[in-house]
Every structure is written in C-alpha cells, then in structure tokens.
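Peer 1: Coordinates only, no sequence provided:
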Ligand SMILES: [Cu+2]
Ligand SMILES: [Zn+2]
C-alpha cells in the first residue's frame, strides 16, 4: 500500500515538474524571440511648416517610428490663440500661397471626415492644436495606422501637413470646416 502511494506521489511530482518545465520553456521561448527578432531601425520623417495665406506661422512636424507605431509631434509658433485644426493632406506640395496645392485630406481608406479614434475618420485627421496666449501650441499622436517610407497607400512620406485658421468641428464634410490654410509643410524622410 505504502509503496503504491509512493509511486503515485512520484508520478504526480514528475508530472508537475514536467508542466513547470514546459511553462518555463515556453516563456523563455517568448523572451528569446523578442530578443532575436531584429528591432526595426528607428526612422524619422519631418515637415518644416511654413506660412500660408499671409500668416506668420512657423512650425515643425516630426514623425518617429518605433517598431509598429509612429509618433507625431507638431509644434507651431506665431499663431493666434485658440484652436487650430491640423491635418495630413494628400500632397506634399506647398507651392500655392493659400496651401490648396496640398490637395484634400489624406484619406487612403476612403471614409468620412471625423475625429481621430472615434468612428470613421481620415488617416489625416490629426485634430486641433490649442494655441496659448504666447502664440505657440503642440499636439502629439501615436498610432499604428500609418507607415513610413514603405511607398504604400498608408505611407505618410510625400504628404503635406496643413494648419488651419480655425478649429475642426469633426463633423462637417469633407474637411471639418476649419477655414483657410495658414501653414503648410511637405513630409520628407529625415535620413
Ligand atoms: Cu486640413
Ligand atoms: Zn479629414
């Protein structure tokens, strides 16, 4: 009797150890994979935002890729206090004084204009920058919906950043009734 119980106990212990070993192996496998998978080289794209429609606006947009995600940071200066819409437009062409050469909102998924992250929205619908009394404002956005330097429809390189005189109401079609284009910059790869 005692021997049988001992054998049963040994079997249970062995089984338990085996399970622990398998778990450890699986976890280590994950860790090893994370280490071995080559880290995507960190890429950057930038846009120098110049004035349009007779404004004094200056600014920069910086896109930084980190693995699957891209973080955008937009900084603008010399703008009237309040809300100013900022979008990615189709073309990195700021040749016309009113910025219309940049085309309409960048919309590769062919959906309605809207608010970022809520229902339907263009991939260029970044949102509104809040500009303070000092005439400066920033907005940041991190997403895995964009690509950088891939040449695909989702590539932000070659598009244009447009800053508007007014706020985006997130509902008016096709572009949020944000008013004149007071800033324009072409998005190019930084390196
Ligand atoms: Cu716009
Ligand atoms: Zn839009």
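Peer 2: Here it is on my side, so go on. Predicted model, so just to flag it, every value in this text is computed and none were measured. Numbers count the residues shown, from 1 in each chain. Ligands and ions are numbered 1, 2, ... in the order given.
Peer 1: what pairs with the residue nearest the centre of the chain across the strands?
Peer 2: By C-alpha atoms, centre = their mean, the chain has its centre lying nearest to residue 143, at 3.4 Å. Listed beta-bridge partners, residue 143: residue 70 (assigned using DSSP bridges).
Peer 1: Please verify my assumption that it contacts residue 70.
Peer 2: Yes. Counting by C-beta atoms under 8 Å, residue 70 is a contact partner of residue 143 at 6.1 Å. In this view, the C-beta of every residue, glycine as well, is placed from N, C-alpha and C.
Peer 1: Let me see the contact set for the residue in the chain that ligand 1 sits nearest to.
Peer 2: The chain approaches ligand 1 most closely through residue 87 (3.3 Å), counting by C-beta to the ion. Residue 87 is in contact with 105-106, 122, 124-126, 161-162, 164, 168, 175-176, 178, counting by C-beta atoms under 8 Å, 6 or more residues apart in numbering.
Peer 1: try residue 109
Peer 2: Taking C-beta under 8 Å, 6+ apart, we find residue 109 in contact with 122, 123.
Peer 1: Can you point out the helix or strand that includes it?
Peer 2: According to DSSP states H and E, residue 109 maps onto no helix or strand at all.
Peer 1: can you check the one 4 residues further on too?
Peer 2: When elements are assigned from DSSP H and E, residue 113 belongs to no helix and no strand.
Peer 1: next one: phi and psi at it?
Peer 2: phi -70, psi 150 (degrees, to the nearest 10).
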